[in-house]
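# sequence first, predicted model second:
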Amino acid sequence: MARGRRWGASTERSGPRRSTALRERHRDIIKNGKPPSRFGVHPDCFHCGEPIDYTAGHLEPLSFQIDHLVPLEPTDGGLKGTDTIDNIVPSHRKCNRGKSNKRSYQPGVTYVTDRRWWT
């Protein structure tokens, strides 16, 4: 077995390989409003417009995450986005997870139907 590999670890990756250092640099630029960010210091969520809790733990729904506006691996098979600062926006964790790898997202949208689910 190759040194440094775990037992049962897969050698295949799903999706594009991304740099952790680059992601942390992008997080710092967006969070602190550093150039070339267009959002300012501690911006609100791009998707819902509500304030982001920058002190929350990373698993909290209102915590800060960066989101690729055009997904790197879109579900519709359309054009793939890039892992560059111009394709990254500030987001709540819940909004980022709700959007997933779709191109558009409208938080809080309720779909109305005439269908009756009860008798």
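Arrived safely.
# and the longest helix belonging to the chain, what's its mean pLDDT?
Looking across the chain with DSSP state H, the single longest helix is helix 20-32. Averaging pLDDT along helix 20-32 gives 93.
# list the strands paired with the next helix or strand after that helix, with their directions.
Scanning forward in sequence from helix 20-32 by DSSP states H and E, the next helix or strand is strand 64-68. Strand 64-68 has the following strand partners under DSSP bridges: strand 88-92 (antiparallel).
# what angle separates the partner strand from helix 20-32?
70 degrees (axes from the mean of the first three to the mean of the last three C-alpha atoms, to 10 degrees).
# just the CA atoms of strand 88-92, as PDB, please.
This file holds the C-alpha atoms of strand 88-92, laid out as PDB (Å, rounded to 0.1, in the frame of the first residue of the first chain):
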ATOM      1  CA  ILE A  88     -18.000  33.900  -5.500                       C
ATOM      2  CA  VAL A  89     -20.700  35.500  -3.400                       C
ATOM      3  CA  PRO A  90     -21.300  35.700   0.400                       C
ATOM      4  CA  SER A  91     -24.000  33.300   1.600                       C
ATOM      5  CA  HIS A  92     -25.600  31.800   4.700                       C
END
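# which elements pack onto the helix or strand just after it?
Using DSSP H and E, the next helix or strand after strand 88-92 towards the C-terminus is helix 93-99. In terms of contacts (3 or more C-beta pairs under 8 Å, 6 or more residues apart in numbering; DSSP states H and E), helix 93-99 is packed against strand 64-68. C-beta coordinates here come from the backbone N, C-alpha and C atoms, glycine included.
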